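> how would this look folded up:
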Amino acid sequence: MTSPTSEKAGGFAGLAEGDRVAAQLYTDPEIFDWEMEKIFYSTWVWVAHESEIPDAGSFKMSHIGLQPVIVNRDRKGNFNVLLNRCRHRGASVCEVPKGKANGFTCPYHSWSYSLEGNLRGIPYPDGYEGVTEKRDLPLQRLRVESYNGLIFASFKTDIEPLEDFLGDAKIWIDRFMKQGAGFPVKVQGEHKFRFNGNWKIQLENTTDGYHFPIVHRSWMASVDAETADMLSFMTDESAVTHALGNGHSVAIMVPEHVDLEEDDGTEELQERFRHIIDELSETMPQDQVRRIVRSMHGAGYNLNLFPNLSLSMSFFRVLRPISVNETEIQHMALGLDGGPESVNRERLRIHEHFQGPFGFGTSDDSEAWDRVQRGAVANPDMPILVNRGLGREVTVDEGWKTSHVTDETGMRESYAMWKRMMSDEN
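Numbers count the residues shown, from 1 in each chain. Have a look, this model is predicted:
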């Protein structure tokens, strides 16, 4: 690809300012192509949770940008992320979303590969004598690292360590995983859908508290009063968003559930969980029952990890760019690995009510995202505003820019990272 500088005055980075971004960021196919190169193929991208590949040989298909990859756990317990492309004629070597295997074989000419990606076998090898060495043709391996169960990969071999990239977001990942209430967190199930809009529209949404009581009014009317009150954060001054650096941010909607291990005992457990409380109380001490029930709605915040993962209260939201105006979203419901079945079942019901295929949240959000994309093509020179709360933003002791959860501090953090990565220097 040629440099974008000659195509856009000031380069693409000039299209994102502190309080606004150009609408072309949603609509220009050339910008989308460069985002794949400069962002998705140049940084750490989330590909799996460890609970999805629990055993030796477990694998799942995933994507980094537009490129398909296989994530697996080998017999030594190591994680491998392999490009899903045979080294012979380019066919994919795996078309099963997830499962267990000893290796991967291309269906076209049966070239076979180990879990580590090494080329093990070539049928009828006499034609390759003197021209091909198996050791020279493994599946392309990506750099892979994990943090607290989250597996990330990168095409860039000399990239900074994952923990440096996550930075201050690690504190919030650790707190998020406390919703296991003493049990490891696991993925219980998932569903996918696509919307007709650019990937950054969804990236913004997870840190957009401003839309919640408006777009999700019907959901608020459908839940019990205690749940509706818990998420009534519009005038709660302790509900804030922190910009954590490197494009990451956290939007706190339920401040009393930021750290689920901190409990002064004054919060009343929701009556909707009475059947769970009664059941668990038969076999568990009250402090453990309380710990599990207070975690039923997950952590009290959405953590946005640039560019493609959100730890959203009690589920993972993963975005996958398809084209400049199409994005796939994957919602992964979380539960307690080895925890009470009734608790995991109840957590699934909560997930279904808001984020499930027939829930209120997904359909309401999708309609709003589609309309942003349709509207953005009208006078693309007119900017998209991300300035809410700029005048009341402060820097707290941790060094995080902070404002109310309804403000757009998290979006500004994402676009600051976008600007940095899309600059001509990168």
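
> can you pull up the bridge partners for the residue nearest the centre of the chain?
For the chain, the residue nearest the mean C-alpha position is L309 (1.4 Å; CA atoms, centre = their mean). For L309, the beta-bridge partners under DSSP bridges are L305, V318.

> Which residues are in contact with it?
46, 150, 316-319 (CB atoms under 8 Å, 6 or more residues apart in numbering). For glycine as for every other residue, the C-beta is placed from the backbone atoms N, C-alpha and C.

> Equivalent analysis for F32, please.
F32 neighbours (CB under 8 Å, 6+ apart): 198, 321, 323-324.

> Wait, a strand at it?
No. F32: not assigned to a strand; according to DSSP: H, G, I helix; E, B strand; the rest coil it is helix.

> which stretches of the chain have low pLDDT?
1-10, 426 (pLDDT under 70).

> ok, T283 to D381 distance?
64 Å (CB to CB, to the nearest Å).

> Give the helix, strand or coil label for S92.
coil.

> Phi, psi for it please.
With angles defined as degrees, to the nearest 10, S92 sits at phi -70, psi 150.

> Could you do K192 as well?
phi -120, psi 150.

> Please tell me I have it right and it contacts T327.
No. Checked against CB atoms under 8 Å, the pair K192 and T327 is beyond contact range at 10.9 Å.

> out of those two, which sits in the more crowded spot?
T327 (23 against 13; other CB atoms under 10 Å).

> Look up how far A91 lies from that one.
26 Å.

> What segments of the stretch 1-150 of the chain are strands?
For the stretch 1-150 of the chain, strands defined by DSSP state E, counting those that start in this stretch occupy the ranges 20-21, 45-49, 58-64, 67-73, 79-83, 98-100, 103-105, 112-114, 119-121, 143-147, 150-154.

> got these as a markdown table, with distance to S232 columns?
As requested, the strands of the stretch 1-150 of the chain are exported to a markdown table (distance: least, CB to CB, whole Å):
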| stretch | distance to S232 |
| --- | --- |
| strand 20-21 | 30 |
| strand 45-49 | 31 |
| strand 58-64 | 37 |
| strand 67-73 | 39 |
| strand 79-83 | 41 |
| strand 98-100 | 39 |
| strand 103-105 | 50 |
| strand 112-114 | 53 |
| strand 119-121 | 58 |
| strand 143-147 | 33 |
| strand 150-154 | 30 |
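
> Which of the ones you listed sits closest to G11?
Among the strands of the stretch 1-150 of the chain, strand 20-21 comes nearest to G11, with 14.2 Å by CB to CB.

> Let me see the contact set for D259.
175, 178.

> what's the spacing between it and V185?
15 Å.

> Same check on M313?
In terms of CB to CB, M313 sits 13 Å off from V185.

> what does G356 give?
19 Å.

> more crowded one of these two?
V185 (25 against 19).

> May I have the phi/psi pair for that one?
According to degrees, to the nearest 10, V185 has phi -80, psi 140.

> For it, list the residues it contacts.
49, 51, 149, 177, 179, 334-337.

> Please name the bridge partners of it.
Beta-bridge partners, per DSSP bridges, of V185: L336.

> I'd like the distance between it and L385.
Distance from V185 to L385, by CB to CB: 36 Å.

> What of S281?
51 Å.

> So which elements touch the helix or strand containing M417?
Element membership for M417 (DSSP states H and E) is helix 409-421. In this structure, helix 409-421 packs against helix 199-205, strand 240-245, strand 248-252, strand 401-404, with contacts taken as 3 or more CB pairs under 8 Å, 6 or more residues apart in numbering; DSSP states H and E.

> Deepest in the core, which of those is it.
Among the helices and strands packed on helix 409-421, ranked by average contacts under mean count of other CB atoms under 10 Å, first place goes to strand 248-252 (a mean of 28).
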